[in-house]
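Visitor: this is a predicted model, with the sequence first.
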Amino acid sequence: MSNDAAVTANPQAVEGPGPEAPAHGLGASLPAADSRAKTEGTFPYASDLWAEGLLWGALLRSPHPHARIVSIDTSAARAMPGVHAVITHEDIPGDASYGRRIADRPVFASEIVRHHGEAIAAVAADHPDTARLAAAAIAVEYELLDPVTDPEKAFAAEPLHPDGNLIRHIPLRYGDPDVTGEVVVEGLYRIGRQDPAPIGAEAGLAVPRPDGGIELYTASTDPHADRALAAACFGLEQERVKIVVTGVPGATGDREDPGFQLPLGLLALRTGCPVKLTATREESFLGHAHRHPTLLRYRHHADAEGHLVKVEAQLLLDAGAYADASSESLAAAVAFACGPYVVPHAFIEGWAVRTNNPPSGHVRGEGAMQVCAAYEAQMDKLAARLGLDQTEIRLRNVLATGDILPTGQTVTCPAPVAELLQAVRDHPLPSLPKDTPENDWLLPGGPEGAGEPGAVRRGVGYALGMVHMLGAEGTDEVSTATVKVHDGIATVICAAVETGSGFSTLARQIVQETLGIEEVHVAAVDTDQPPAGPAAHGRHTWVSGGAVERAAKMVRTQLLQPLAHKFGMSTELLQITDGKITSYDGVLSTTVTEAMDGKELWATAQCRPHPTEPLDESGQGDAFVGLAFCAIRAVVDVDIELGSIRVVEMAVAQDVGRVLNPAQLATRIEAGVTQGIGAALTENLRTARGLIRHPDLTGYALPTSLDAPDIRIVKLVEERDVVAPFGAKAASAVPVVTSPAAVASAVRAATGRPVNRLPIRPQSAVAAPHS
């Protein structure tokens with residue numbers, strides 16, 4: 001099961017619209033327009049595209065994590081029949097390095113290889129096998145260098161990059177450093193390298209244009225940013241580069257890394273022919289960014305009643321060879337290092353460093369997930385030290401609206417953290433296996449597991465998590481949308497990419513709600529449209545959804561003003577319902593189609609949330625637009641002799657602001673929980689001295705449907721955020737952040753072991769003596 005796939009392990013948790021629910025508009029469980037095509041396998045993805053005169057591309061990647069390139073000989077590849085082009089760093093007409101935040105990553109390595117799988121050259125040929133054979137025929141002489149794979153050693157190591165090994169350091173200082181608590185607990189924690197593992201590997205088609213420009217057909221999640229990078233690399237004006245977004249086969253992080261798109265475009269420009277490039281699963285693992293492996297040291301101080309006094313922490317993020325999104329991930333980790341708790345004094349040191357490990361970048365919940373696992377383990381330790389219940393220690397410290405984060409920012413959005421925790425605490429626990437003898441007991445390890453029922457212990461654990469919404473630290477968040485109406489059909493034009501987040505469905509619902517028009521189409525996305533920004537942090541629900549709403553309201557005004565003027569009333573006294581326009585007093589009643597009278601109405605609008613600011617030299621600043629919270633109770637069965645674990649149930653309560661599409665929201669939450677379970681138990685892209693071991697879906701263990709527990713959505717708190725359009729909050733990242741910590745807490749409860757590493761290894765789940 002890929003990380004982007006939603007699991008409905010408990011179908012009862014997903015309820016469609018009831019008798020009183022609307023059939024369309026906001027609040028309806030409107031299905032996605034493309035759901036049938038995707039289910040039947042007829043939906044076109046980039047790997048399905050074709051063009052006349054098509055050539056096939058292939059990349060040569062480094063087999064070493066760190067090496068000096070002595071020479072590159074392409075003559076054998078160029079001489080092969082059917083090969084049309086071979087390109088290296090010498091063939092790049094524009095910028096030879098790229099990066100969405102810092103341009104520190106070469107398109108093709110020229111002098112130094114800095115990670116396993118780094119691109120060296122690219123080939124275009126008339127058959128995919130020919131392209132791959134030609135890439136393999138390129139002779140590269142390497143001088144092997146010792147890889148730096150321990151991020152702690154990166155500080156003293158020789159620079160791996162001209163920019164040095166330190167990408168960012170954030171020292172957060174809040175309160176009095178000399179304050180101490182009556183009770184002190186410490187911990188050292190390690191979080192592994194989770195891969196986004198999309199269900200479809202990277203693929204793209206590049207088509208050169210007669211004017212010397214190019215069109216790239218890819219599953220980009222931020223097409224305008226990708227266009228800017230491509231134009232700079234190709235040496236072209238941005239207007240001569242067009243990105244057309246194809247179907248996105250799953251995205252829980254950045255899709256179609258530019259390191260994949262740029263060689264594709266260069267090959268098409270060099271040959272003058274369309275070129276198609278499809279990654280194997282191994283290439284996908286080698287090329288795209290992963291979650292940051294993180295080392296965390298914590299010290300929590302509390303008083304005798306369990307109230308937090310001070311938190312001290314050191315956070316070290318392994319960025320891999322290049323910066324990518326490491327600065328943003330570090331900011332989230334440092335800002336949320338104390339969790340959704342009131343902490344009067346906090347001193348956090350955070351670093352992101354370069355190594356020769358695989359690249360790290362944006363993966364759902366980046367930064368926040370790693371620290372959540374650590375601070376929740378610390379809360380469990382405090383509870384045990386003080387003899388308090390797991391939930392009681394948390395309830396004594398939870399954040400609420402009006403409290404202040406360690407960054408100095410006041411929590412102005414709804415923060416019903418206590419309500420969420422109480423909801424999962426009070427939800428009935430699943431029955432023990434001995435209470436249901438008519439059912440087969442699925443032992444940890446599966447129905448054919450070697451464990452004995454007498455060795456199985458049940459554990460219950462809790463976790464609270466938080467994430468920020470939209471970009472942070474001064475990111476200019478803006479999106480533009482156009483709504484057109486003609487012949488009773490509405491069309492939404494917005495460059496917000498549908499990644500599985502449900503934006504296309506939401507856009508239809510917004511227009512249905514505002515204009516009363518049932519038939520709404522969402523145009524395909526390309527860079528001829530105004531930018532809408534990346535698909536991350538719930539921003540399209542907020543920013544792009546807000547732009548669609550504003551444009552629809554402008555069209556509504558255009559539609560109603562002539563009628564209001566004719567009948568001598570304000571447009572506010574008219575309403576649109578089910579395609580009919582009526583006045584408050586019943587004098588006016590007509591249809592939207594009749595009111596349009598054959599005209600085309602359209603409007604374009606933008607949405608830009610209030611600005612944020614970067615964290616200063618002490619880690620202080622109003623860095624975030626909004627926050628979302630989640631509470632999860634995990635129930636696990638652990639074979640304390642073998643260390644095998646089965647997650648029995650996950651009870652979820654979430655702060656959602658407003659439910660816009662009940663079925664879609666439940667699916668997003670379930671998908672997030674399942675991805676988090678993978679991070680907790682199975683998913684770790686393992687390396688040996690920088691080399692990725694088993695870069696495939698056999699060696700990288702994704703959770704399957706058999707691993708998915710009952711996921712009970714026990715409460716959705718609808719306390720609207722007044723500054724957000726519709727009052728809704730991001731839904732899918734915060735359960736990813738929270739569920740690994742909840743599973744670890746439950747395993748601690750079952751075994752008495754500290755569980756300080758994710759994913760949890762079997763030896764960490766073998767019961768402690770006298771447990």
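Guide: Noted; the coordinates are in hand. Numbering: from 1, shown residues only.
Visitor: now do the phi/psi pair for Thr604.
Guide: The phi/psi pair for Thr604 (degrees, to the nearest 10) reads phi -120, psi 140.
Visitor: please name the nearest non-neighbouring residue to it.
Guide: Take Thr604 and drop its neighbours on the chain: the residue closest to it by CB to CB, 6 or more residues apart in numbering is Thr482, 4.4 Å away. No exception for glycine: its C-beta is placed from N, CA and C like everyone else's.
Visitor: tell me what the one you found is bridged to.
Guide: Beta bridges link Thr482 to Ile493, Thr604 when assigned by DSSP bridges.
Visitor: could you double-check that it lies in contact with Val492?
Guide: Yes: look at Thr482 against Val492 with CB atoms under 8 Å: they come within range, at 7.4 Å.
Visitor: between those two, which one's more packed in?
Guide: Neighbour tally, Thr482 and Val492, criterion other CB atoms under 10 Å: the higher count belongs to Val492, 25 against 19.
Visitor: list the contacts for that one?
Guide: Residues near Val492 by CB atoms under 8 Å, 6 or more residues apart in numbering: Ala481, Thr482, Val483, Ala507, Arg508, Val511, Val520, His521, Val522, Ala523, Val548.
Visitor: confirm for me that the third one is in contact with Ala551.
Guide: Yes: between Val483 and Ala551 there is a contact at 4.1 Å, judged by CB under 8 Å.
Visitor: more neighbours: which of the two?
Guide: Set Val483 next to Ala551 and count neighbours by other CB under 10 Å: Val483 wins out with 31 against 27.
Visitor: tell me how far that one lies from Asp721.
Guide: From Val483 across to Asp721, the span is 24 Å (CB to CB, to the nearest Å).
Visitor: also Lys153?
Guide: Taking CB to CB, one finds Lys153 at 44 Å from Asp721.
Visitor: what residue ranges in the stretch 401-550 of the chain score low on pLDDT?
Guide: Within the stretch 401-550 of the chain, the ranges that satisfy pLDDT under 70 run 433-442, 446-451.
Visitor: can you show me the strands along it?
Guide: Shown for the stretch 401-550 of the chain, the strands assigned by DSSP state E, counting those that start in this stretch span residues 456-472, 479-486, 489-494, 520-522.
Visitor: partner strands of the longest one and their direction?
Guide: As defined by DSSP bridges, the strand partners of strand 456-472 come to strand 624-639 (antiparallel).
Visitor: so for the next helix-or-strand element following the partner strand, mean pLDDT?
Guide: Per DSSP states H and E, strand 624-639 leads on to strand 645-655 as the next helix or strand towards the C-terminus. Mean per-residue pLDDT for strand 645-655: 96.
Visitor: angle of the helix or strand that comes right after strand 645-655 against strand 456-472?
Guide: Next in sequence after strand 645-655, counting helices and strands by DSSP H and E, comes helix 662-681. Angle, helix 662-681 to strand 456-472, by axes from the mean of the first three to the mean of the last three CA atoms, to 10 degrees: 110 degrees.
Visitor: and helix 662-681, what does it pack against?
Guide: strand 645-655, strand 710-717, helix 733-751 (3 or more CB pairs under 8 Å, 6 or more residues apart in numbering; DSSP states H and E).
Visitor: pick the most deeply packed of those.
Guide: Comparing the helices and strands packed on helix 662-681 by mean neighbour count (mean count of other CB atoms under 10 Å), helix 733-751 ranks first with a mean of 30.
Visitor: return the distance of that helix from the chain's centre.
Guide: 19 Å (CA atoms, centre = their mean, to the nearest Å).
Visitor: surely Ala555 touches Ala603?
Guide: One correction, residue 555 is Val, not Ala. Yes: counting by CB under 8 Å, Ala603 is a contact partner of Val555 at 4.9 Å.
Visitor: intersection of neighbour lists for these two?
Guide: In contact with both Val555 and Ala603: Val483, using CB under 8 Å, 6+ apart.
Visitor: thinking again about what came up before, name the nearest of the contacts of Val492 relative to Gly94.
Guide: Each of the contacts of Val492 was scored against Gly94 by CB to CB, and Ala523 proved nearest at 30.1 Å.
Visitor: any idea how far Val652 is from the closest one?
Guide: 35 Å.
Visitor: now do Lys484
Guide: 39 Å.
Visitor: got it, and Tyr700?
Guide: To Val652, Tyr700 is 26 Å away according to CB to CB.
Visitor: Arg68: neighbour count?
Guide: Count around Arg68 with other CB under 10 Å applied: 14.
Visitor: how about Glu40?
Guide: Neighbour count for Glu40, taken as other CB under 10 Å: 8.
Visitor: for it, give me its contacts.
Guide: Glu40 neighbours (CB under 8 Å, 6+ apart): none.
Visitor: now do the one 10 residues further on
Guide: Taking CB under 8 Å, 6+ apart as the definition of contact, the neighbours of Trp50 are Leu205, Lys276.
Visitor: distance-wise, check it relative to Ala203.
Guide: 12 Å.
Visitor: any residues in contact with both of these two?
Guide: Joint contacts of Trp50 and Ala203 (CB under 8 Å, 6+ apart) are Lys276.
Visitor: just to revisit the earlier point, quick check: neighbours shared by Val483 and Ala551?
Guide: Ala603.
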